[in-house]
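K.L.:
Structure for the following, please:
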Amino acid sequence: MKKYLLSLALLVTPLTPSPITAQDLSHRPHEEESGHYDASRDADADVNMMLTKIAKNGKMGIIILGANWCHDSRGLAKHFDSERFQAMLKPRYEIVYVDVGVPQIGNGRNLHIAKRFNLKKLKGTPTVAIINSSGKLLNKKDAPKWRNADSRDEDDIFNHFANFSANVRR
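P.N.:
Model (predicted):
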């Protein structure tokens, strides 16, 4: 009888999911672990190095504020790693990946990098900031709109970055 009552209680007790924690996300195995978003890296030093390079070589910089737990961040990194994208990106851009943790649940890190380029709040990951050789953010409205990067068409992503410099004043 006790076993029957326990089974009945489980049937009528609504199951509510427990809230997701940063620990849940950081320890979750991923099919395609990117490794691009490394929490142990000095994000300030990486960004400063990129700014120094683009000031010297006249390229633009791309700062990708993302995380390994985020499939869209990993998806964009996977595109950027492909031979096709590398052939287009290398002559135009210096790229820095910045791990931002899980800002949506209050466990963010390196969020000051976004603020440094006048992006007041990360609305999601990845956020993609394109910086000119003078250190100015060029895509303030577009930067937070990459939260669906993994579901975007590869050709559309490619064309966006291939044609970006032609469509913006430096």
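K.L.:
Tell me where this structure has strands.
P.N.:
60-66, 93-99, 101-102, 107-108, 127-131 (DSSP state E).
K.L.:
Could you check the helix of greatest length in the chain and say which residues are buried?
P.N.:
When every helix of the chain is counted residue by residue (DSSP state H), the longest turns out to be helix 43-57. By neighbour count, with 16 or more other Cβ atoms under 10 Å as the criterion, the buried positions of helix 43-57 are 43, 46-47, 50-51, 54. All C-beta atoms are positioned from the backbone trio N, CA, C, and that covers glycine.
K.L.:
Out of those residues, which comes closest to Ala67?
P.N.:
When the buried residues of helix 43-57 are compared for distance to Ala67 (Cβ to Cβ), Ala43 wins out at 12.2 Å.
K.L.:
Surely the closest one and Val98 touch.
P.N.:
Yes. Ala43 is within contact range of Val98, at 4.6 Å (criterion: Cβ atoms under 8 Å).
K.L.:
thinking again about what came up before, Serialize the buried residues of helix 43-57 to CSV and add fields for pLDDT and distance to Asp156.
P.N.:
Formatted as CSV, the buried residues of helix 43-57 follow (pLDDT from 0 to 100; distance: Cβ to Cβ, whole Å):
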residue, pLDDT, distance to Asp156
Ala43, 97, 28
Asp46, 98, 27
Val47, 98, 27
Met50, 98, 25
Leu51, 98, 28
Ile54, 97, 25
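K.L.:
Residue ranges in this protein under the pLDDT threshold?
P.N.:
Scanning the chain for pLDDT under 70 picks out 1-34, 106, 165-170.
K.L.:
Which parts of it are helices?
P.N.:
Shown for the chain, the helices assigned by DSSP H span residues 2-12, 22-26, 43-57, 71-81, 83-89, 111-116, 154-163.
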